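K.L.:
after the sequence you'll find the predicted model.
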Amino acid sequence: MTRDTLKIVIPMAGLGTRLRPHTRRKPKQLIQIAGRAMLSHVLAMFESLPPSFEVEYVFIIGHLGEQIPPFMAQHYPDASVHYVEQQEMLGQSHAIALARAHLQGPMLMVFADTLVETDFSFLAAEKMDSVAWVKRHPDPRRFGVAIADGRGRVRRLVEKPEDTANDLVIVGFYYFRRAEDLLAAIEKQMARDVQLKGEYYLADAVNILLEEGLRMRVQPVEVWLDAGTPEAVLQTNRYLLSKQANQRAPDPLPEGVAVIPPVYIHPQAHLSASVIGPYAAVGANCQVERSVLTDTILEDGASVKDVVLQTTLLGEGARVEGRASIINAIGDEKNIRG
C-alpha cells in the first residue's frame, strides 16, 4: 500500500518570555509537565493519525533550539525530523515559508505549546482542502477566530478580533491537503506586506486561500490546553495528572511519606517525611525532605527541604529551604532559603 507523507510543522522558535525564568536556559517545549517534556505530550497527540500516513516532522527552531535535536535523538530515535532555524521573529507565516524545501503534499501546522484532545483518524478520508480545529471561548480577543457558516464551512479568519461577537477560536491546529498552496498564499501575503504589529500571521495567508476558493471546515474540540505561562503549565499539569494512572515510586514508599493522588513521582526521586499531592509532579533526582507539595511541579534535580509549596513551578536544579509559600516560578538552579 502506498503511503502519503504527512508533514507536521511545529514552529518553536519563540523566546518563551511569559515563562521566564524557566526559559532562560531551555526552550519552553522541554519544560516538564506531568513527568514528561511538553514536546512529548505534543507528539503523543499524533498517535491517532491513520496508518496511511508516513509522518515527517518539520521543527522551526530558534531560541535555545540546539537542545531539541539531542532530545529527539534520545527519546524518538526513529522519528524523521527536519530542522529549520528562524532567526527573526516575524510570525507564523514567515516560519512556514522558511521550511518550504520540506513542504509538499499534506501537512499539519501545530503550535508547540498547545494540546488538544482530538482523533486524527478522520484525515484518511477528509474531502475538504483544509481543516481548522476550533473551540468556543468567552473572550476570543487574544486569539484568531473562524467565521463559519451553518455547515461549518469557514468564510474568513480574523486574528485578534476587537469584539467577542465571533467566539469560535482557532486552537493552533490546521490541516492543508496541499502545502504548496499554502506556501503560494504566504508568498502573496508577504509581497503585499499583510502583517500585524510586525508579524505575518497565518490567518492572513489562509484568507488569501479562502478568497481563491479554498474549501475549509472547522473541527470542534472540547479540551484545549496550553503551556504558555506558569499558570497555564500548572493547569495543564493538573489536567494531565487527572487523566493518567497514579504513578509513584519507590514502591513501597519510604516511611513517613504520604501520597495524595493524582501525582507523578519519578522512580529516581528521593523522598523522606513528606506529603506529595494532589497534583504534584516530581522529576528525576529530586530531593524532597520534610515538605508538603500541592499543585506543584519539581523539574529534574530540584531540591526542597522544610517547605510547604503550593501552585509552584520549580526549575531544574533549583533549591528551596525553610519556606512555606506560593511561588509561581523559580528558575533553573536558583537557591532560596527561608
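P.N.:
That came through fine. Residues are numbered from 1 along each chain as shown.
K.L.:
so what's residue 143 up against?
P.N.:
137, 160, 169-170 (CB atoms under 8 Å, 6 or more residues apart in numbering). All C-beta atoms are positioned from the backbone trio N, CA, C, and that covers glycine.
K.L.:
buried subset of those?
P.N.:
137, 169-170 (16 or more other CB atoms under 10 Å).
K.L.:
inside strands: which ones of these?
P.N.:
Counting by DSSP state E, these place 169-170 in strands.
K.L.:
now tabulate the buried ones among the contacts of residue 143 in JSON lines and tack on distance to residue 235 and pLDDT.
P.N.:
As requested, these are exported to JSON lines (distance: CB to CB, whole Å; pLDDT from 0 to 100):
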{"residue": "137", "distance to residue 235": "15", "pLDDT": "86"}
{"residue": "169", "distance to residue 235": "17", "pLDDT": "90"}
{"residue": "170", "distance to residue 235": "20", "pLDDT": "90"}
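K.L.:
show me where the protein has its helices.
P.N.:
38-44, 68-75, 92-98, 179-191, 202-211, 230-243 (DSSP state H).
K.L.:
quick one: which of those helices is nearest residue 304?
P.N.:
Evaluated over these, closeness to residue 304 peaks at helix 230-243, with 16.1 Å, by CB to CB.
K.L.:
distance between the closest one and the chain's centre?
P.N.:
12 Å (CA atoms, centre = their mean, to the nearest Å).
K.L.:
got it, and stretch 70-90?
P.N.:
Distance, centroid of stretch 70-90 to centroid of chain: 15 Å (CA atoms, centre = their mean).
K.L.:
quick one, what contacts residue 135?
P.N.:
By CB under 8 Å, 6+ apart, residue 135 lies in contact with 116, 168-169, 171, 220-222, 224.
K.L.:
repeat that with 10 Å
P.N.:
Counting by CB atoms under 10 Å, 6 or more residues apart in numbering, residue 135 touches 116, 143, 167-171, 218-224.
K.L.:
ok, the residue nearest to it when sequence neighbours are not counted to residue 50 distance?
P.N.:
Counting by CB to CB, 6 or more residues apart in numbering, residue 135 lies nearest to residue 224, which is 4.8 Å off, once chain neighbours are set aside. Distance from residue 224 to residue 50, counting by CB to CB, to the nearest Å: 22 Å.
K.L.:
among the two, which residue is more densely surrounded?
P.N.:
Shown here are residue 224 and residue 50; by other CB atoms under 10 Å, residue 224 has more neighbours (18 against 15).
K.L.:
distance of the more buried one from residue 114?
P.N.:
7 Å.
K.L.:
so what's in contact with those two at the same time?
P.N.:
Residues touching both residue 224 and residue 114 by CB under 10 Å, 6+ apart: 133, 171-173.
K.L.:
most surrounded residue in the residues you listed?
P.N.:
For the shared contacts of residue 224 and residue 114, neighbours tallied by other CB under 10 Å; top is residue 171, 25 neighbours.
K.L.:
hmm, residue 140 and that one touching each other?
P.N.:
No: using CB atoms under 10 Å as the test, residue 171 is too far from residue 140 to be in contact (11.2 Å).
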